[in-house]
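Provided below are the primary sequence and the corresponding predicted coordinates.
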Amino acid sequence: MTVHTDHDRAPHAPDEPLTIGEMSRRTGVAASALHFYEDLGLIASTRTPGNQRRYARHMLRRVSLITVAKRLGIPLSDVQEAFADVPLTQTPSHDEWARAARRWKRELEKRREGLERLERELTGCIGCGCLSMKACSLLNPDDALGSQGAGPQRLQD
Ligand code: FES
């Protein structure tokens, strides 16, 4: 019996769909992850008469968008939301990508601000060591005394 692999296939016509092995190789994403993205409705495939998946070439771009989002730490649920209006039969346009990129940039800015705030609070804790549930803003972020600055505020009154 002869086993054919993706490597054995003749070169593709430009609009010929891709096998899952080809998708995986060209995107660097594991086949299992492609299955998962498909289960989530982020990409779609058709089936051959032999029940093998085939992906339209524009799915490469969708997988690239997902890869970028993952690199940024954007949850897949947010990717779903960002491209909810784009039918799976077409690739996200330049404008749709730009809109998602702006949205994710705002998300990164929010995260950076949160990290900077935590860094300031942690800096205040260095040399303090009170670990007070009331005064330490890292332990009690909503506490009014903690928001006045690091350190045991009541002891300073
Ligand atoms: S250890 Fe955080 S304020 Fe004292």
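Cool, the structure landed. Residues are numbered from 1 along each chain as shown.

check contacts around the closest residue to residue 72 other than its chain neighbours.
Nearest non-adjacent residue to residue 72, counting by Cβ to Cβ, 6 or more residues apart in numbering: residue 104, 5.6 Å away. Heads up, the C-betas are built off the backbone N, CA and C, glycines and all. Neighbouring residues of residue 104 by Cβ atoms under 8 Å, 6 or more residues apart in numbering: 69, 72, 74, 78, 82.

which two in these are spaced the farthest apart?
72 and 82 (11.7 Å; Cβ to Cβ).

which one of those two has more residues nearby?
Neighbours were counted for residue 72 and for residue 82 using other Cβ atoms under 10 Å; residue 82 has more, 20 against 14.

What is the burial count for the residue nearest to the more buried one when sequence neighbours are not counted?
Excluding its sequence neighbours, the residue lying closest to residue 82 (Cβ to Cβ, 6+ apart) is residue 100, at 4.1 Å. Neighbour count of residue 100, defined by other Cβ under 10 Å: 21.

Residue 100 is in what secondary structure piece?
Counting by DSSP states H and E, the element that carries residue 100 is helix 94-125.

buried set for that helix?
Using 16 or more other Cβ atoms under 10 Å as the test for burial, helix 94-125 gives 96-97, 100, 104, 121, 124-125.

List, one by one, the residues from this structure near the ligand.
Within the chain, the positions near the ligand by Cβ under 6 Å from any ligand atom are 124-125, 128-132, 135-136, 138, 150-151.

So which of those is the closest to residue 110?
residue 138 (18.9 Å).

Quickly find the element holding that closest one.
Short version: residue 138 belongs to no helix or strand, going by DSSP H and E.
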